[in-house]
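[1] Below is the sequence, then the predicted model.
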Amino acid sequence: MSLPANFVSLHPYFKVHPGKLEEFKAGLDEFSEKTATEERNLFYDFTANGDSVFCREGYAGAEGLLAHLGNVDALLTEAFKIAQLTRLEVHGPAAELDKLRKPLAHLKPEWFVKV
């Protein structure tokens, strides 16, 4: 698969609250359905290890990632009632990451610059 030069990926890790895993998993289809409407989304899916849930997601540029976060904001607000964001990574070219640093600063991500 050939990725665009401005490819960025977001890697959020969630720790689901005790007894809430099935409820959390039940909401993942809605995230996927909303994301499927996004023009700049390249891939999006979830994996789990016990009560830890990871989302693999990629976008054509910083603008695509920001559009996604706006699109799923209400769903994320609900998800954060039953899960905690334990780690967040953002990967991509320096120029694209620079566009994301301020809007994502409150999430305290780790930044991985393409070499």
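    Structure received. Treat the numbers as computed from the prediction; the structure is a model and nothing was measured. Numbering: from 1, shown residues only.

[2] only C-alpha atoms for contact and neighbour calcs from this point on.
    OK.

[3] Can you list the neighbours in contact with the helix or strand that contains D98?
    Per DSSP states H and E: D98 is located in helix 94-104. For helix 94-104, contacts defined as CA atoms under 8 Å, 6 or more residues apart in numbering pick out N6, V8, G61, A62, L66, V90, H91, W111, V113, K114.

[4] which of the residues you listed tops the neighbour count?
    Counting neighbours by other CA atoms under 10 Å, V8 leads the contacts of helix 94-104 with 28 neighbours.

[5] Buried residues in the helix holding D98, which are they?
    Residues of helix 94-104 classed as buried by neighbour count (16 or more other CA atoms under 10 Å): A94, E96, L97, L100.

[6] Beta-bridge partners for W111, please?
    V90 (DSSP bridges).

[7] and the residue of the chain most remote from its centre, what is it in contact with?
    In the chain, the residue that sits farthest from the middle, by CA atoms, centre = their mean, is G19; the gap is 23.2 Å. For G19, the contact set (CA under 8 Å, 6+ apart) is empty.

[8] Just the pLDDT at it, thanks.
    Per-residue confidence at G19 stands at 98 (pLDDT).

[9] From A79, how far out is it?
    Remark: distance between G19 and A79 (CA to CA, to the nearest Å) = 14 Å.

[10] before we move on, what about E38?
    Using CA to CA, we find E38 at a distance of 20 Å from A79.

[11] For the two, work out which one has more neighbours and name it.
    More crowded of E38 and A79, by other CA under 10 Å: A79, with 19 against 15.

[12] next one: phi and psi at the more buried one?
    Note on A79: backbone dihedrals following degrees, to the nearest 10 are phi -60, psi -40.

[13] didn't L88 look like it was pressed against K15?
    No. Judged on CA atoms under 8 Å, L88 makes no contact with K15 at a distance of 11.9 Å.

[14] higher neighbour count, those two?
    A count of neighbours by other CA under 10 Å puts K15 above the other of L88 and K15, at 20 against 17.

[15] per-residue pLDDT, that one?
    98.

[16] Where does pLDDT dip in the protein?
    Low-confidence segments of the chain (pLDDT under 70): 1.
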